[in-house]
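1. task: produce atomic coordinates for the following.
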Amino acid sequence: VDTCAAEFEAETPYYYSTWEDEDETPPKADGVKRVMILGGGPNRIGQGIEFDYCCCHASFALRELGIESVMVNSNPETVSTDYDTSDLLFFEPLTSEDVLNIADRINPDGVIVQLGGQTPLNLARALAAAGLPIIGTSVDTIEEAEDREKFRELLDRLNLKQPASGIARTLEQARKEVSRIGFPSLVRPSFVLGGRAMEICYDQSQFERFVAEAFIVAQGQPVLIDRFLEDATEVDVDCICDGTDVVVAGVMEHIEEAGVHSGDSACCIPPHNLSKQTVSEIKQAAVNLAKSLGVVGLMNVQFAVKREGSEDALYVIEVNPRASRTVPFVSKATGVPVAKIAVKVMVGETLPEQGVITDPIPSHVSVKESVFPFVKFAGVDIALGPEMRSTGEVMGVSDNFSLAFAKGQLAAGTVLPETGKIFLSVASQSAKKSMVDLARRLVKLGFELIATSGTAEALSQAGIEVETVKKLQEGHPNLIDHLIDGRVQLIFNTPRGKGARTDEGRIRAASVLYGVPCITTLPAAEACVRAMEALRSEPMRVQAMQDRFMAGTASIDR
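-> Residues are numbered from 1 along each chain as shown. Have a look, this model is predicted:
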């Protein structure tokens with residue numbers, strides 16, 4: 001398709017295939033290498049524009065090396081499908097048949113599958129079996145990371161912990177596995193995007209309900225069952241490996257506790273609560289995993305840090321030998337073009353040859369916050385969980401965590417109030433104890449507090465002044481009446497149960513309808529209070545990202 005209507009020569013035509021006689025694909029020039037990049041296809045929750053960012057930077061990196069880039073994607077609403085991003089662009093479905101047809105016409109020297117998310121990664125084995133050269137991390141390594149038994153053996157060799165886990169292909173197998181693993185357990189179908197149908201089960205009745213749904217969504221693939229680590233901190237690590245050397249591009253501490261999908265949780269670089277020793281252990285574990293797997297390119301590792309006695313215990317949740325959705329955030333937070341460096345590694349340039357020998361250490365704090373589409377879906381419960389629901393992300397940058405978090409909230413559309421009333425409602429007794437400290441700090445900031453009877457009683461016993469509001473089933477005026485009248489400026493509501501039909505779900509849905517910020521986890525509530533305290537003493541300042549870089553890049557001892 002000549003998008004210029006022949007007014008002038010189209011340097012990068014868009015190619016669509018059809019079973020006709022004429023083929024307008026240009027022949028491969030002598031002495032010029034061609035590399036095919038498989039994109040992510042349609043944007044959807046779990047696989048969005050973050051992967052398109054990686055594909056674009058792959059094309060730019062290949063251009064710098066004098067290699068012809070061939071983009072294969074089926075989404076016109078992406079930058080990777082712009083006319084000036086790649087040398088050749090094919091609008092085709094991301095299926096093995098279509099990709100092989102294109103490869104047959106263009107004869108690529110290599111195919112990159114690790115930048116477009118799970119969709120192209122799922123094609124790796126079929127493409128390699130057909131003789132296409134997969135560059136970067138090998139297909140065997142990809143499968144080793146995804147095969148539960150092989151991966152458990154690897155972790156044992158490296159002396160790394162993993163939560164108790166199992167795999168089931170039938171309902172009876174699932175029951176046996178969960179009886180061995182115990183509750184709470186995490187149930188999820190394999191090979192799905194964004195944690196679809198992933199649920200935390202606290203008892204057998206919940207398990208029976210959720211595992212049945214997981215088998216339906218899995219469509220013949222096995223269902224995975226893991227022991228859920230309560231009150232753990234989740235940590236994401238992105239690193240680049242050339243098969244020999246490893247650079248840890250970013251260690252991201254999640255704000256929300258483990259159990260909230262990594263795509264929905266806010267996170268920060270550098271970690272703000274973890275000790276230097278724990279961060280060092282996390283980096284060393286990631287380095288050992290990358291070297292042992294023989295990764296060539298990008299790798300993402302998800303860890304959980306759980307306090308056990310007087311020490312932090314480190315658990316490996318998952319390893320993905322591919323680009324993750326956090327790569328753009330890490331690149332912007334550190335000033336390091338992570339995807340570009342990784343692509344040059346894939347085509348043969350080692351990290352030392354690129355001058356990349358140390359882990360980037362930014363001199364500022366960056367916080368990634370997720371953006372949710374709840375305002376478009378009236379009545380939906382906004383409580384966060386293991387199934388991803390966000391459709392975008394923003395970033396706040398400052399010299400300290402509190403202001404960076406405040407900027408992230410503002411960018412995501414959450415305006416933290418300066419005065420007014422704050423509604424508090426927490427489920428468990430341990431949560432009520434934590435909320436007492438937050439309540440004292442909110443009163444000190446000049447806010448009035450309202451709560452339902454259980455939380456109000458806990459606050460009153462602690463000597464904190466609070467107004468009691470009726471629960472929804474107790475009549476009027478209840479919290480929703482206060483929301484309608486504009487008398488509540490912020491809600492802290494941790495879920496006891498999920499679903500739009502529960503009282504809590506109706507409150508959370510009403511908060512969206514009436515534009516009142518609603519925080520559904522205690523760690524996020526703590527971060528919000530810290531941000532509001534910081535805003536009282538120092539204003540937010542705007543600074544160009546370019547002025548932040550190049551930030552300090554001194555190496556640190558692993």
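2. going along the chain, name the helices of the stretch 51-200 of the chain.
-> Secondary structure of the stretch 51-200 of the chain (DSSP state H, counting those that start in this stretch): helices at 96-106, 118-121, 124-129, 139-146, 148-157, 171-181.
3. of all the ones you listed, which one is nearest residue 272?
-> Smallest distance to residue 272 across the helices of the stretch 51-200 of the chain (C-beta to C-beta): 27.5 Å, for helix 148-157. Every C-beta, even on glycine, is put in place using the N, C-alpha and C of the backbone.
4. alpha carbons only: can I get the closest one in CSV?
-> Below are the C-alpha coordinates for helix 148-157, written out as CSV (Å, rounded to 0.1, in the frame of the first residue of the first chain):
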residue,chain,number,x,y,z
ARG,A,148,7.8,-25.5,36.3
GLU,A,149,9.8,-28.7,37.0
LYS,A,150,12.9,-27.5,35.1
PHE,A,151,12.7,-24.1,36.8
ARG,A,152,12.4,-25.6,40.2
GLU,A,153,15.6,-27.6,39.6
LEU,A,154,17.4,-24.5,38.5
LEU,A,155,16.3,-22.6,41.7
ASP,A,156,17.5,-25.6,43.8
ARG,A,157,20.9,-25.4,42.1
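5. next one: it to chain centre, how far?
-> Helix 148-157 sits 24 Å away from the centroid of its parent chain (C-alpha atoms, centre = their mean, to the nearest Å).
6. do stretch 143-151 as well
-> 21 Å.
7. and the end-to-end length of it?
-> 9 Å (C-alpha to C-alpha, to the nearest Å).
8. avg pLDDT for that stretch?
-> Taken as a whole, stretch 143-151 has an average pLDDT of 84.
9. same thing with stretch 507-516?
-> 88.
10. same check, this time on stretch 471-478
-> Averaging pLDDT along stretch 471-478 yields 84.
11. likewise stretch 70-83?
-> What stretch 70-83 shows for mean pLDDT is 86.
12. about what we covered before: indicate which one of the helices of the stretch 51-200 of the chain is closest to residue 305.
-> Across these, closest to residue 305 is helix 148-157 (C-beta to C-beta), at 16.0 Å.
13. if you count neighbours, what's buried in that closest one?
-> Neighbour-count burial for helix 148-157 flags 151, 154, 155 (criterion: 16 or more other C-beta atoms under 10 Å).
14. now, among those residues, which is nearest to residue 58?
-> Of all those, residue 58 sits closest to residue 151, with 26.7 Å by C-beta to C-beta.
15. excluding residues flanking it in the chain, which one is nearest that closest one?
-> Leaving aside its sequence neighbours, residue 151 sits nearest to residue 145 (C-beta to C-beta, 6 or more residues apart in numbering; 6.0 Å).
16. can you verify my assumption that that neighbour contacts residue 155?
-> No - with contacts counted by C-beta atoms under 8 Å, residue 145 stays clear of residue 155, the gap being 10.9 Å.
17. sorry, back to before: tell me the most buried of the helices of the stretch 51-200 of the chain?
-> helix 118-121 (a mean of 21; mean count of other C-beta atoms under 10 Å).
18. may I have it as CSV, with CA atoms only?
-> Provided in CSV are the C-alpha atoms of helix 118-121 (Å, rounded to 0.1, in the frame of the first residue of the first chain):
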residue,chain,number,x,y,z
GLN,A,118,3.8,-13.0,25.4
THR,A,119,2.2,-13.2,22.0
PRO,A,120,5.4,-13.4,19.9
LEU,A,121,7.1,-15.4,22.6
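19. distance from the chain centre to that helix, please.
-> On C-alpha atoms, centre = their mean, the centre of helix 118-121 falls 16 Å from that of its chain.
20. what does stretch 236-248 give?
-> Its chain's C-alpha centre and that of stretch 236-248 lie 18 Å apart, by C-alpha atoms, centre = their mean.
21. tell me which residues of it are tucked away?
-> 236, 237, 238, 239, 240, 241, 242, 243, 245, 246, 247, 248.
22. cool, and stretch 229-236?
-> For stretch 229-236, by 16+ other C-beta under 10 Å, it's 229, 232, 233, 234, 235, 236.
23. relative to residue 260, how far out is the residue nearest to residue 151?
-> According to C-beta to C-beta, to the nearest Å, residue 145 stands 23 Å off from residue 260.
24. one step back: of all the helices of the stretch 51-200 of the chain, which one is nearest residue 402?
-> With C-beta to C-beta as the criterion, residue 402 lies closest to helix 118-121 of the helices of the stretch 51-200 of the chain, at 35.2 Å.
25. out of the helices of the stretch 51-200 of the chain, which gets nearest to residue 393?
-> helix 118-121 (18.1 Å).
26. what does that closest one rub up against?
-> By C-beta atoms under 8 Å, 6 or more residues apart in numbering, the residues outside helix 118-121 that reach it are 38-41, 46-47, 94, 113-114, 142, 191, 193, 322.
27. among those, which ones are buried?
-> 38, 39, 40, 41, 46, 47, 94, 113, 114, 142, 193, 322.
28. can you classify the last one as helix, strand or coil?
-> This means residue 322. coil (DSSP: H, G, I helix; E, B strand; the rest coil).
29. who's in contact with the spatially closest residue to it that is not a sequence neighbour?
-> Nearest non-adjacent residue to residue 322, counting by C-beta to C-beta, 6+ apart: residue 114, 3.9 Å away. Counting by C-beta under 8 Å, 6+ apart, residue 114 makes contact with 120, 121, 136, 137, 142, 297, 298, 321, 322, 323, 346.
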